[in-house]
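> my questions are about this predicted structure, shown below with the sequence.
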Amino acid sequence: MQFKHPEILYFLFLLVIPILVHLFQLRRFKKEYFTNVQFLKELSIQTRKSSTIKKWLLLFTRLLLLACLILAFAQPFFTAKESLKATNEMYIILDNSYSMQAKGQKGELLKRAVQDLLEHTPEAQNFSLITNSETYWNTDIKSIQKDLQDLKYSATPFRLDNLIAKVNARKSAFNKDIIVITDAVDINANASKSFKKEDNVYFILPEAEQKNNVSIDSVYIQQTLDSFYEIGVKLSANDEDIPAVPIALYNQNKLTAKTLIDFKSTTETIKFTIPKEDFHGYVSITDKGLAYDNTYYFSISKPSKTNVISIGNTDKSNFLTRIYTNDEFAYTNFPLPNLDYNLIEKQDAIVLNELKDIPQALQTTLKSFVNKGGNLVLIPAQESNVTGVNSFLANFGSIQFKAITNSDKKVTKINFNHPLFSNVFEKKVDNFQYPSTKAAFGINSNSPSVLSYEDQSAFLTSIANPLSSVYIFAAPINKTNSNFQNSPLIVPTFYNMAQNSQKTGVNALIIGEDQPFVVDALLSKDEILTVKNTTESFIPVQQLLNTKVKMSFNENPQEAGNFGIFNGTNSIQNISFNYSRTESNLSLVNTDIAVGFKEIDDIETVFNSIQTDRTDTQIWKWFVLLTLFFLALELLIQKFVK
C-alpha cells in the first residue's frame with residue numbers, strides 16, 4: 001500500500017491525546033465508606049468495573065477513529081500492476097478491406113467493428129486510427145465519428161506489416177498500445193514480427209459466419225471468329241458444394257445474356273459469344289458471400305489492324321505473309337537497306353529476321369520503340385556476330401548469346417503457362433510434331449523459356465516489361481536450318497507475338513496494381529487526358545510517346561467500374577477497372593497472426609482491461625467509512641454501555 005500524501009501520517013502522533021485523556025480519567029482516588037452507605041458497597045464495586053470497561057472501549061474506538069481519519073487524508077492506494085504503461089499512446093489498426101464485408105453474428109464485420117468503436121471508446125481517450133486507406137493521427141472518438149460512420153471498403157489489400165511500419169514511423173517518447181482489428185484473411189503471419197517488443201498489442205479477430213463465396217476472377221477472349229468473340233469468364237469458389245449461381249452479361253448496362261453455372265470443382269469457366277465490335281460492360285453473379293467480387297467490368301475495343309514490319313531478306317520472310325494476313329494485320333517487309341526509320345514508331349511489332357549485323361542507329365530506334373510499348377522479335381542469322389547481338393540485347397535485359405553449335409536438336413517442351421500460349425491450348429499436348437534445328441546458339445537468361453529443346457536449353461525465350469515484350473529465338477528458322485515453319489506451333493507463336501493486348505484483347509485493369517496503359521493519342525503540350533465516368537473523374541500520370549500516351553493510375557480510381565479516356569470532350573478509348581480478388585477466399589483465415597499477443601473478443605473488453613490494469617486502487621474512501629463507523633460506535637458505547 002502506498003500513500004498519495006504520506007506527510008499527513010505524522011499526525012498519527014495525535015493518537016497520544018486520547019491515551020493521555022484516558023489516563024487522566026483513570027486516576028486513583030482514596031475511597032471512604034460511611035455507615036449510612038455501607039449497604040451499597042457491593043453494588044459500587046460492580047459499577048466501577050463496568051465503567052472501566054467502557055472507558056477502555058471508548059479509548060480504542062477513539063484511537064481507531066482518529067487513525068482512520070488521518071489515513072483517509074493521506075489517501076492510501078494499491079499500485080496498478082501495469083502502472084508503468086499508463087502513459088502509453090494508443091493506436092488502432094482497422095482492416096477495411098473487402099473481406100470485412102463478410103457477415104458475422106451482428107452484421108458485416110467492418111460495420112460492427114465501427115459501431116463498437118463508437119459505442120465503447122471513452123470520449124477522453126486520445127488515439128490514432130490507421131486503416132488501409134485513411135489515417136487519423138492523435139484524435140478522439142468524437143472528432144472522427146462522422147468519418148468512421150462514412151468509412152468505405154478499400155480496394156487496397158490489408159497489409160499489416162505496412163501499417164505497423166507507419167505506426168513505428170511516429171516518433172514518440174512513450175511506448176504504444178496497438179489494437180489490431182482484422183478478420184486475418186490472406187494475411188502473412190510473419191507480418192506480426194514487425195511489432196516492437198515494448199509495444200502492448202491486442203488482436204480482435206471478428207469471424208465470418210458464412211465463408212462460402214463465389215468470385216469472378218477474370219474475363220478473356222478465348223477465341224476470335226470472323227464476326228464474333230468467344231469470351232471466357234473464370235469463376236472461383238471456396239467450396240465444391242456450391243448451389244447453381246446465376247450469371248449475367250451486360251453491355252452498356254443492357255442485358256446481353258444470362259445463364260446458370262454449376263460448380264463441379266472450385267474453379268469453373270463459362271463461355272459467351274458476343275459480336276466483334278466495341279464492348280463496354282460487365283459480367284455479374286449473385287451469391288450469398290461477398291458482394292464486391294460479384295461484378296467484373298471489362299472493355300473490348302473494335303479490332304483495328306495490327307501494324308507489323310519485318311526487317312530482313314524478302315525470301316526468308318515470305319512465311320510471315322501467311323500469318324500476318326490483310327484482314328487483321330498491316331504487314332510489310334523491308335530489306336535493311338530500304339528501311340524507312342520513320343515508320344518504326346507507328347508499328348505494333350517488328351521482326352528482325354536473320355540480320356547479320358544491326359546498325360547502331362537501328363539499335364537506338366528499336367530501344368525507344370520497345371520502351372514505348374512495341375513488341376520486338378529477334379531471329380538470329382547463322383552468321384550473326386555474338387558480341388554484336390549481346391550488345392544489342394543488353395538494351396532490354398539480362399540475356400546473352402553463346403557460341404553457335406552445329407547439331408540436330410528437337411523442340412520438345414512448351415511452356416503452357418507463358419502468356420504467349422495461355423489461351424492457345426485447351427489442354428496440355430505432349431505428342432505434337434516436334435520441330436527441330438540443325439544449328440543453334442546457346443542462350444543464357446534468367447527469363448523462363450517459352451519453347452525448349454530436349455536438353456532443356458531455350459529455343460524461344462522472352463524479356464517482358466510492363467508495356468511490351470522482346471522475343472528471342474536461339475536459331476535461324478529458315479527452311480535450310482529448321483522445319484519450324486512447317487510446325488503447327490508457328491502460327492500461334494508469331495500471331496501472339498505481334499498482338500498488342502491493349503488493342504485486341506480485354507481491357508480490365510486492377511485498382512492499385514499501377515499497370516501502365518498506352519493509348520494512341522496525338523496531344524499538344526497543353527493537352528491532357530482525363531479518365532472519367534458518371535460518378536468519378538481523375539487525371540492519371542501521363543507521358544507523351546510521340547503518337548501515344550503512357551498512363552499510370554496509381555491508386556485511382558476509388559471505385560471499380562467502366563470508364564472512358566477523354567481528351568477534353570473527345571472520347572479516345574474505353575477502359576475498365578476492377579478490385580483485386582485477393583480478399584475473396586474467406587477460408588484463408590490465418591489466426592496465427594495473433595500468436596504471442598493478447599487476443600480479445602471485443603473493443604469494450606480491451607478498454608476495460610486497460611482501465612483495470614493501469615488504474616491505481618484508491619482505498620481512502622474505505623477509511624472515511626471506517627471513521628464514520630467508529631464515530632457511530634463511540635456514540636453507541638456512550639449511550640448503551642453503563
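Ah, there it is. None of these values were measured; they are calculated from a predicted model.

> flag every buried residue along the helix or strand residue 411 falls within.
In this assignment (DSSP states H and E), residue 411 forms part of strand 399-414. Using 16 or more other C-beta atoms under 10 Å as the test for burial, strand 399-414 gives 399, 401, 404, 409, 411-414. For glycine as for every other residue, the C-beta is placed from the backbone atoms N, C-alpha and C.

> and those residues, which is closest to residue 570?
Nearest to residue 570, judged by C-beta to C-beta, of the buried residues of strand 399-414 is residue 399 at 41.3 Å.

> and that closest one, bridged to which residues?
Beta-bridge partners of residue 399, counted by DSSP bridges, are residue 445.

> can you list the domain ranges for the protein.
2-79+618-640, 87-210+587-614, 214-300, 306-433+444-478 (automatic domain parsing).

> tell me the pLDDT of residue 169.
Predicted confidence (pLDDT) for residue 169: 89.

> how far away is it from residue 21?
Distance, residue 169 to residue 21, by C-beta to C-beta, to the nearest Å: 69 Å.

> and if you look at residue 117?
With the distance defined as C-beta to C-beta, residue 117 ends up 61 Å from residue 21.

> cool, residue 449 as well?
Residue 449 is 107 Å from residue 21, by C-beta to C-beta.

> neighbour count winner among these two?
Neighbour comparison, residue 449 and residue 21: the larger count goes to residue 449, with 20 against 14 (by other C-beta atoms under 10 Å).

> circling back to that earlier point, show me how far the strand holding residue 411 is from its chain's centre.
From the chain centre to the centre of strand 399-414 is a distance of 43 Å (C-alpha atoms, centre = their mean, to the nearest Å).

> what's the answer for stretch 221-240, then?
The answer for stretch 221-240 is 27 Å, by C-alpha atoms, centre = their mean.

> buried set for that stretch?
Those would be 221-222, 229, 231-233, 235-238, for stretch 221-240 by 16+ other C-beta under 10 Å.

> just stretch 582-596 next, same as before
Here stretch 582-596 shows 582-586, 589-590, 593-594 as buried, counting by 16+ other C-beta under 10 Å.

> and stretch 241-253, by the same measure?
242, 245, 247, 249-251.

> next up, the contacts around the spatially most central residue of the chain.
For the chain, the residue sitting closest to the mean C-alpha position, by C-alpha atoms, centre = their mean, is residue 157 at 1.8 Å. Residue 157 makes contacts with 97, 132, 186, 512, 580, 582-583, as judged by C-beta atoms under 8 Å, 6 or more residues apart in numbering.

> let's see it at 10 Å
Contact analysis of residue 157 by C-beta atoms under 10 Å, 6 or more residues apart in numbering lists 95, 97-99, 132, 185-187, 512, 579-580, 582-583.

> restricted to buried residues, select those residues in PyMOL.
Buried residues within the contacts of residue 157, by 16+ other C-beta under 10 Å, are selected in PyMOL with:
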select buried, resi 95+97+98+99+132+185+186+187+512+579+580+582+583
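
> and which of the contacts of residue 157 is nearest to residue 357?
residue 512 (44.8 Å).

> mind pulling up the pLDDT for that closest one?
85.

> could you measure from it over to residue 131?
15 Å.

> can you name the element that comes right after the helix or strand bottoming out on mean pLDDT in the chain?
Using mean pLDDT, DSSP states H and E, the weakest-scoring helix or strand in the chain turns out to be helix 501-504, at a mean of 56. Once the chain leaves helix 501-504, the next helix or strand it forms, by DSSP H and E, is strand 506-507.

> ok, and the closest non-adjacent residue to residue 522?
Leaving out its chain neighbours, the residue that sits closest to residue 522 by C-beta to C-beta, 6 or more residues apart in numbering is residue 547, at 5.2 Å.

> hmm, back to that, widest-spaced pair of the buried residues of strand 399-414?
Using C-beta to C-beta, those span at most 23.8 Å, a distance reached by 404 and 414.

> now tabulate the contacts of residue 157 in a markdown table and tack on distance to residue 177 and secondary structure.
A markdown table is the format used below for those (distance: C-beta to C-beta, whole Å; DSSP: H, G, I helix; E, B strand; the rest coil):
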| residue | distance to residue 177 | secondary structure |
| --- | --- | --- |
| 95 | 18 | coil |
| 97 | 23 | strand |
| 98 | 28 | helix |
| 99 | 25 | helix |
| 132 | 21 | coil |
| 185 | 24 | strand |
| 186 | 26 | coil |
| 187 | 21 | coil |
| 512 | 30 | coil |
| 579 | 32 | coil |
| 580 | 31 | coil |
| 582 | 29 | coil |
| 583 | 27 | coil |
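
> perfect, that will be all.
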